[in-house]
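> Below is the structure, and that's it, no one-letter string:
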């Protein structure tokens, strides 16, 4: 039974490992540089909120939540999700997204926006759409894939 | 005859004044804090590029150009435009947008994206659409107006 809870410092090593796996895959995050343990601790601490999906004490995945913009658009949140490849298909992704919407609301954000969902990432898009996210068109070639080609990206939003 | 050229340090005072006018209006930029001369000098220097629209030696407006995101989405540019209220209707806005597209292309960006065009900003939207920008749907309540109400925002993109 996957549960999502706020992260604590003892989770950081597992979070960094899972985050870096997605960075290495290179097909979902804009980020290209893996985090060291120290960089990870700083990066996660700088977020508005981070949640971890845990099952039997093991961290299966995480999300980071922060403002998507500043000032007059500072009530729009943005989140990124990462699930360990070994733990996919167990509902951790869905649990993380649902929790991030609840936490976004609790922090006073009014909208959740994703800027760069890779168009070929069918699993993520299907999940977001089932949870009520609305697609904001398609930006042609918005994401540079590891082989140097460019994939389309689909922004999404969800009112909170 | 309005011309657009790269800014130089001597333009910064006029650029700060025009920028701050748009910030004070509170209906176009996410930014809520006016820039001092020193902050402005630092802010403009930190951009990929800034252009100024000039006529008879006077600065009528400016734009800032920078990456909209990092890493695998770092080839998407973002720009903001400001025209002095006294100089509106003389084509400075159009000249700035056209130059920003050319400069974005010259710097190697592949897409220009605007994140937060306020839906009620009909003049800007009409200009962007005439210049070939494609609207990415509408984010309800994405912009907090000076009176505390929320206006919709329309992201746009333009391939370069």
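Received it, and whenever you're ready, just let me know what you need. As the structure is a computational prediction, the values presented were derived from the model and not from experiment.
> switch to C-alpha atoms for all contacts and neighbour counts from now on
OK.
> Mind jotting down where the helices sit in chain A?
Ranges of helices within chain A are A:12-25, A:37-45, A:92-106, A:122-130, based on DSSP state H.
> Mind putting those helices into CSV with mean neighbour count?
As requested, these are exported to CSV (neighbours: other Cα atoms under 10 Å in any protein chain shown):
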stretch, mean neighbour count
helix A:12-25, 19
helix A:37-45, 15
helix A:92-106, 20
helix A:122-130, 14
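> Tell me which of these sits nearest to chain B.
With distances scored as Cα to the nearest Cα, the stretch of the helices of chain A nearest to chain B is helix A:12-25 (10.3 Å).
> Export the helices of chain A to TSV and append columns for mean pLDDT and distance to residue B:11.
As requested, the helices of chain A are exported to TSV (pLDDT from 0 to 100; distance: least, Cα to Cα, whole Å):
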stretch	mean pLDDT	distance to residue B:11
helix A:12-25	98	41
helix A:37-45	98	37
helix A:92-106	98	41
helix A:122-130	97	46
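> Nearest to residue B:9 among these would be which one?
helix A:37-45 (34.9 Å; Cα to Cα).
> now residue A:12: how far from residue A:2?
Look at residue A:12 and residue A:2: by Cα to Cα, to the nearest Å, they are 18 Å apart.
> still on that earlier bit, indicate which one of the helices of chain A is closest to residue B:120.
Here helix A:92-106 is closest among the helices of chain A (Cα to Cα), at 26.1 Å.
> Give me the pLDDT value at residue A:152.
With respect to pLDDT, residue A:152 scores 98.
> Quick check, it in contact with residue A:145.
No: using Cα atoms under 8 Å, residue A:152 is not in contact with residue A:145; the gap is 10.1 Å.
> Using a markdown table, please lay out the helices of chain A together with distance to residue B:97.
A markdown table is the format used below for these (distance: least, Cα to Cα, whole Å):
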| stretch | distance to residue B:97 |
| --- | --- |
| helix A:12-25 | 34 |
| helix A:37-45 | 35 |
| helix A:92-106 | 35 |
| helix A:122-130 | 33 |
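> Contact residues of chain A facing chain B?
Within chain A, the positions near chain B by Cα under 8 Å from any Cα of the partner chain are A:29-32, A:69-76, A:111, A:116, A:135-140, A:142-145, A:157, A:159.
> Quick one: buried ones out of those residues?
With neighbours counted by 16 or more other Cα atoms under 10 Å in any protein chain shown, these contain buried members at A:29-32, A:69, A:72-76, A:111, A:116, A:135-140, A:142-145, A:157, A:159.
> that older thread, so which of the residues of chain A next to chain B are in strands?
A:76, A:111, A:116, A:135, A:139-140, A:142-144, A:157, A:159 (DSSP state E).
> Make a markdown table out of those residues and add pLDDT.
A markdown table is the format used below for these (pLDDT from 0 to 100):
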| residue | pLDDT |
| --- | --- |
| A:76 | 98 |
| A:111 | 98 |
| A:116 | 96 |
| A:135 | 98 |
| A:139 | 98 |
| A:140 | 98 |
| A:142 | 98 |
| A:143 | 98 |
| A:144 | 98 |
| A:157 | 98 |
| A:159 | 98 |
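> Mind picking the two most distant members of those?
Most distant of these, by Cα to Cα, are A:144 and A:159, 28.5 Å apart.
> Report how many residues lie close to residue A:87.
When neighbours are counted by other Cα atoms under 10 Å in any protein chain shown, residue A:87 registers 14.
> which residues touch the residue nearest to it when sequence neighbours are not counted?
Of all residues not flanking residue A:87 in the chain, residue A:60 sits nearest, at 5.8 Å (Cα to Cα, 6 or more residues apart in numbering or on different chains). Counting by Cα atoms under 8 Å, 6 or more residues apart in numbering or on different chains, residue A:60 touches A:18, A:52-54, A:83-84, A:87, A:92.
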